[in-house]
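S.K.: pasting the sequence and the predicted coordinates here, then a few questions.
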Amino acid sequence: MIVLLTDFGSKDPFVGIMKGVMLSYHPTLSIVDLTHDISPQDVAEAAFVLKTSLAYFPKATLFVVVVDPGVGTNRKIIYVETSRHRFLAPDNGILGWVLEEENPVRILEVKNSKYFLKPISNTFHGRDIFAPVAAHLAVGLNPEELGPAMRLEDLVSSPLPKPVQEKDGSWRGHVIYIDRFGNLITNLWQSLLHLKGDEKVELFLKGKTFKGFAKAYGNNHQNGGIVLLNSFNTVEVAVSHGNAAVAYGVKKGEEVVLRCLTSSS
């Protein structure tokens with residue numbers, strides 16, 4: 001299975017062309033669109049979507065990630081294999097969160113032009129490199145043929161924001177994703193903060209204070225804003241029956257602070 005994750009959108013033919021290239025090599029490939037609506041050039045947003053989606057795909061799925069602001073420059077294209085999945089991506093830190101949880105068993109620089117489409121455009125490596133290489137990998141190409149081995153420390157360092165614990169025990173993070181409902185999804189991971197969802201907490205966001213966790217979006221709809229642990233296992237701010245991004249004028253990158261008042265028993 002090949003899973004595509006890009007910032008190409010649906011207006012232009014880029015995604016369709018990539019699929020056309022792959023199916024031209026092997027018409028029976030199984031190709032899944034994770035999303036093509038990542039904000040343009042937003043590496044952090046793509047990294048979040050990738051991290052929170054992996055667990056729901058079969059072992060050895062090949063994730064082709066083309067959010068690539070450096071296309072046509074000297075940035076590398078890498079193939080990464082872990083014990084669970086495989087990845088084809090630009091070397092721009094986009095796999096940072098994945099590689100914090102999944103130890104790579106193989107990292108290769110994709111250099112062997114034998115498997116590229118010719119001629120190679122400087123502006124559409126998705127078509128000319130990612131698509132044909134993915135097609136070959138999906139049907140059994142030995143990855144070692146792609147290029148030389150790399151070490152984890154050789155990769156571009158991840159630009160992805162990490163939450164920080166303050167001296168008073170509170171956690172400072174950021175809004176890293178806003179879904180189509182306007183829900184404000186943060187990088188305050190449930191596993192990192194050891195949250196159960198029943199703690200007494202205060203969350204501070206753009207001059208506003210939210211208290212306690214709600215269990216579902218429909219809770220507290222009379223009072224507006226709620227905080228909850230979402231299906232991605234991160235802390236989220238929402239407006240029941242509304243749009244939190246619009247209601248609070250919040251954009252990605254906004255700082256949030258979460259303080260646990262008491263620990264649950």
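M.R.: Great, that's in hand.

S.K.: where exactly do the helices run in the stretch 1-150 of the chain?
M.R.: Assigned by DSSP state H, counting those that start in this stretch, the helices in the stretch 1-150 of the chain fall at 14-25, 43-51, 96-101, 125, 131-138.

S.K.: output the contacting helices and strands for the first one.
M.R.: Other helices and strands packing on helix 14-25, by 3 or more C-beta pairs under 8 Å, 6 or more residues apart in numbering; DSSP states H and E, are strand 2-6, strand 31-35, helix 131-138. Every residue, glycine included, has its C-beta placed from N, CA and C.

S.K.: next, the contact list for Gly225, please.
M.R.: 208, 210, 237-239, 244, 247-248 (C-beta atoms under 8 Å, 6 or more residues apart in numbering).

S.K.: now a PyMOL select for only the buried ones of those residues.
M.R.: Buried residues among these (16 or more other C-beta atoms under 10 Å), as a PyMOL selection:
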select buried, resi 210+237+238+239+244+247+248
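
S.K.: in the contacts of Gly225, find the pair that's most separated.
M.R.: Lys208 and Ala238 (13.2 Å; C-beta to C-beta).

S.K.: compute the number of surrounding residues for Thr123.
M.R.: Using other C-beta atoms under 10 Å, Thr123 has 9 other residues around it.

S.K.: need the pLDDT of it.
M.R.: We have a pLDDT of 95 for Thr123.

S.K.: go ahead and confirm it touches Thr73.
M.R.: No: under the criterion of C-beta atoms under 8 Å, Thr123 makes no contact with Thr73, lying 11.0 Å away.

S.K.: returning to that earlier point: nearest to Leu203, of the helices and strands packed on helix 14-25?
M.R.: Nearest to Leu203 among these is strand 31-35; the distance by C-beta to C-beta comes to 27.0 Å.

S.K.: using CSV, list the CA coordinates for the closest one.
M.R.: Provided in CSV are the C-alpha atoms of strand 31-35 (Å, rounded to 0.1, in the frame of the first residue of the first chain):
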residue,chain,number,x,y,z
ILE,A,31,-2.9,4.1,-3.4
VAL,A,32,-4.6,5.9,-0.4
ASP,A,33,-4.9,9.6,-0.1
LEU,A,34,-4.3,10.6,3.5
THR,A,35,-4.7,14.3,2.7
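
S.K.: which residues touch the spatially closest residue to Pro159 that is not a sequence neighbour?
M.R.: Spatially, and ignoring its direct neighbours in sequence, Pro159 is nearest to Gly93 (4.8 Å; C-beta to C-beta, 6 or more residues apart in numbering). Neighbour list for Gly93: 43, 47, 155-160 [criterion: C-beta under 8 Å, 6+ apart].

S.K.: excluding chain neighbours, what is closest to Leu152?
M.R.: Pro104 (6.1 Å).

S.K.: list the contacts for that neighbour?
M.R.: Applying C-beta under 8 Å, 6+ apart, the residues near Pro104 are 80-82, 152.
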